[in-house]
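Student: below are the sequence and a predicted model for it; my questions follow.
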Amino acid sequence: MTVDTIKIYRGCDKCGMPLHYDAIMSGDETATIPASGLCGHCSGLKPGRKAEYEKEPDYEWLLDAMIDVVKGERRLLRKGASLVSSLPLVNRSGLGVAAGILDSIPAPETRSTYDAMVLYSGGKDSTYMLINLAEKGLKVCAWMLDPGYQSPQTIDNAKRITARLGVELVIDKADKTFADSLFRSGFEIDENSDIELKKGAMTYGSACWPCFSVIAVSASRFANSHRIPLCFIGTQKGQNRLNLEGSGVLSSKQLPKLNELVRKFVDPFKKAIPDQARMLQPDPDSVDFPTVLVPFYELVQKPDKEAQIRYLEERGWVMPKNTGACSSNCMINELGRAVMRSKFGFDLYQVIDSNERRLGHRADEAAYGAPDPKMVKLGAVMLGLSDQELKHLGVQANGEDQNA
């Protein structure tokens, strides 16, 4: 049997959300699958869920206002209340929300090295974001974590793009032995694990959760030490809604603090690594600078994939050929997908795409395709996983699934 035969749980008939996952996240630990074939969101049965927006306005003006703030210019009031009256926020003043978002941005200090940092993977989404921010005149740093799994083409892309933009590229070389151990710990989380660990792995991914934890902690340290006001992240809207609350950053009166997000996101994962938890201390020097996290694609409309790639290729970016269909930078992503499907019957990209479909976006076929066996094998080699370890995880060295 091949990875095509890995057991996949039924998805919602409307949005595709894995019903097994939806039931668990809704508090049904027995994961009862509804006879209706609809998830809690689409059936309208989930209490307290906020309706998503039917229209997707462009909030680039708000991004420009954020940039003005860190540059010491406050033009929001000169833009007029009409600009913020279109904010699709329930029972709140659009002007008040926009003002609150801007007021949540910390003032730069004399020791602040940059106006902003970009969490830069070198992939297509973060590269598009970096180019746009640099062209707006923002003094930005492209910060990248490389624990040893980035495609060589990704590193080449990053160096070439940042050189052309005149942007400083900082590559944080994480300890690969430590990173490898985190991935092994993430891969061990399964249906029988602590409920919070299980929910975390299902929501953020068996491989992505350990990796994002290191990124979050390391980026927080960098932001604190350099007193950086803004930290931009290039996650798509479906990723920004992984808590299943159905609302984006513009439904809040302030931007989330990077340090607070680290505690919310990383601390639960520490249960999986009790002997190494101290290694994920975000701010050992207790600087605790209030850097705010800005999800770029909540403010700027993302072009379709084909147009985005054309745009990037015109600027010297090259699509890697060793990352699989769902990533444009990471060489172990397909292994993570295969392990997650073996453990849970679905993978992270199906959850993300379901959230995108709830927003009215078209389905991403790559999210439902089988992991590439060659890329699964490459990931296993990079992590140093033996055939016995792969068998234990339910994935054979040739990409087959033991549990199918």
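Tutor: Arrived safely.
Student: could you use CA atoms for every contact and neighbour count after this?
Tutor: Fine.
Student: separation between residue 184 and residue 273?
Tutor: 10 Å (C-alpha to C-alpha, to the nearest Å).
Student: check residue 131 too.
Tutor: Distance, residue 131 to residue 273, using C-alpha to C-alpha: 37 Å.
Student: and for residue 332?
Tutor: 20 Å.
Student: repeat for residue 114
Tutor: Residue 114 is 33 Å from residue 273, by C-alpha to C-alpha.
Student: try residue 98
Tutor: Taken as C-alpha to C-alpha, the span from residue 98 to residue 273 is 40 Å.
Student: between the two, who's got more neighbours?
Tutor: Just comparing residue 98 and residue 273: by other C-alpha atoms under 10 Å the higher neighbour count belongs to residue 98, 24 against 16.
Student: the more buried one should be in a helix, yeah?
Tutor: Yes. Residue 98: assigned to a helix according to DSSP: H, G, I helix; E, B strand; the rest coil.
Student: pLDDT weak spots in the protein?
Tutor: For the chain, applying pLDDT under 70 flags the ranges 1-8, 29-31, 45-57, 73-96, 242-251, 282-287, 397-404.
Student: so where do the strands sit in it?
Tutor: For the chain, the strands defined by DSSP state E cover 116-119, 140-145, 168-172, 230-233, 292-295.
Student: let me know how buried residue 198 is, in neighbour terms.
Tutor: 20.
Student: one more: residue 106?
Tutor: 18.
Student: need the contact list for the nearest residue to it once chain neighbours are set aside.
Tutor: Sequence neighbours aside, residue 229 is the residue nearest to residue 106 in space, at 5.5 Å (criterion: C-alpha to C-alpha, 6 or more residues apart in numbering). Contact analysis of residue 229 by C-alpha atoms under 8 Å, 6 or more residues apart in numbering lists 70, 105, 106, 107, 108, 115, 116, 223, 290, 291, 292.
Student: hmm, residue 257 and the second one touching each other?
Tutor: In this case it means residue 105. No. Contact criterion C-alpha atoms under 8 Å: residue 105 and residue 257 do not qualify, at 9.1 Å.
Student: centre-most residue in the chain?
Tutor: Taking C-alpha atoms, centre = their mean, the centroid of the chain lies closest to residue 235, which sits 4.6 Å from it.
Student: relative to residue 147, how far out is that one?
Tutor: Residue 235 is 20 Å from residue 147, by C-alpha to C-alpha.
Student: also residue 379?
Tutor: On the measure of C-alpha to C-alpha, residue 379 and residue 147 end up 13 Å apart.
Student: phi first, then psi, for residue 255.
Tutor: phi -80, psi 150 (degrees, to the nearest 10).
Student: and the longest helix for this protein?
Tutor: Among the segments of the chain that qualify as a helix by DSSP state H, the longest is helix 208-226.
Student: where do the helices sit along the stretch 51-200 of the chain?
Tutor: Listed in chain order, the helices of the stretch 51-200 of the chain (DSSP state H, counting those that start in this stretch) span 60-70, 76-79, 81-84, 94-103, 124-135, 152-165, 176-188, 195-204.
Student: any chance of TSV for those helices, columns distance to residue 241?
Tutor: Output for the helices of the stretch 51-200 of the chain, formatted as TSV (distance: least, C-alpha to C-alpha, whole Å):
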stretch	distance to residue 241
helix 60-70	20
helix 76-79	27
helix 81-84	23
helix 94-103	19
helix 124-135	17
helix 152-165	27
helix 176-188	21
helix 195-204	10
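Student: for residue 16, find the nearest of the ones you listed.
Tutor: Residue 16 sits nearest to helix 195-204 of all the helices of the stretch 51-200 of the chain, at 14.9 Å, using C-alpha to C-alpha.
Student: show me how far the closest one is from its chain's centre.
Tutor: Taking C-alpha atoms, centre = their mean, to the nearest Å, one finds helix 195-204 lying 15 Å from the centre of the chain it belongs to.
Student: got the contact list for that helix?
Tutor: By C-alpha under 8 Å, 6+ apart, helix 195-204 touches 21, 24-25, 186, 189-192, 209, 242-243, 268-269, 271-272, 340, 344, 347-348, 351.
Student: beta-bridge partners for residue 294, please?
Tutor: Bridge pairing for residue 294 (DSSP bridges) gives the partners residue 232.
Student: what's the spacing between it and residue 228?
Tutor: 12 Å.
Student: more neighbours: which of those two?
Tutor: residue 228 (28 against 24).
Student: tell me how far the more buried one lies from residue 326.
Tutor: Distance from residue 228 to residue 326, by C-alpha to C-alpha: 31 Å.
Student: how many other residues sit next to residue 123?
Tutor: 24.
Student: what's near enough to touch it?
Tutor: Taking C-alpha under 8 Å, 6+ apart as the test, what residue 123 contacts is 154, 327, 328, 329.
Student: I'd like those residues as CSV, with distance to residue 121 and neighbour count appended.
Tutor: Below are these laid out as CSV (distance: C-alpha to C-alpha, whole Å; neighbours: other C-alpha atoms under 10 Å):
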residue, distance to residue 121, neighbour count
154, 8, 22
327, 10, 18
328, 9, 23
329, 7, 25
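Student: for the residues you listed, which two are the farthest from each other?
Tutor: The widest separation within the contacts of residue 123 (C-alpha to C-alpha) is 10.9 Å, between 154 and 327.
Student: and stretch 186-199, how far out from the chain middle?
Tutor: 19 Å.
Student: likewise for stretch 101-110?
Tutor: 24 Å.
Student: any buried residues in that stretch, and which?
Tutor: 101, 102, 104, 105, 106, 107, 108 (16 or more other C-alpha atoms under 10 Å).
Student: ok, residue 299 - contacts?
Tutor: Contacts of residue 299 by C-alpha under 8 Å, 6+ apart are 58, 59, 60, 62, 63.
Student: give me the nearest residue to residue 39, chain neighbours excluded.
Tutor: residue 12 (5.4 Å).
Student: what about the one you found, neighbour count?
Tutor: Neighbours of residue 12 (other C-alpha under 10 Å): 23.
Student: so what's it up against?
Tutor: 18, 19, 37, 38, 39.
Student: can you pull the contacts of the third one?
Tutor: Applying C-alpha under 8 Å, 6+ apart to residue 37 gives the contacts 11, 12, 13, 19.
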